[in-house]
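Asker: Take a look and give me a structure for this.
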Amino acid sequence: MPAFMEAPASRLLTDLQPGESAVIAEILGDDSLAMRLMEMGILEGEGISLIGYAPLGDPIEFEIRGYRISLRAAEARRVRLEAAS
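Answerer: Model (predicted):
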């Protein structure tokens, strides 16, 4: 199993509920998908909120930096969130 799939017991982007916000802690992995997520503005320290799900549950719509972005669930699982304080 790749190292990025062995995430610590912290929350992932897919754990958010509609309307809930969190702060991005890290992008898991160092492959082209991780780079693409960062190029889209999904960066450590940025706030992100879950807007909703497509009718079949995938993709998932998020708001970050004032714009909306849709990610597949597999992509969203690559984003670890900061622990709630």
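Asker: Go through the helix ranked longest in the chain and flag the buried ones.
Answerer: Looking across the chain with DSSP state H, the single longest helix is helix 32-39. Neighbour counts over helix 32-39 (16 or more other Cβ atoms under 10 Å) mark 34, 37 as buried. In short, each C-beta sits where N, CA and C put it, glycine included.
Asker: And stretch 24-31, by the same measure?
Answerer: Quick answer for stretch 24-31 (16+ other Cβ under 10 Å): 24, 25, 26, 27, 28, 29.
Asker: and these, which of them are in strands?
Answerer: Counting by DSSP state E, the part of the buried residues of stretch 24-31 found in strands is 24, 25, 26, 27.
Asker: Which one of these is nearest to residue 39?
Answerer: Of all these, residue 39 sits closest to residue 27, with 10.7 Å by Cβ to Cβ.
Asker: Identify the residues contacting the closest one.
Answerer: Contacts for residue 27 (Cβ atoms under 8 Å, 6 or more residues apart in numbering) come out as 34, 37, 38, 42, 43, 44, 78, 79, 80.
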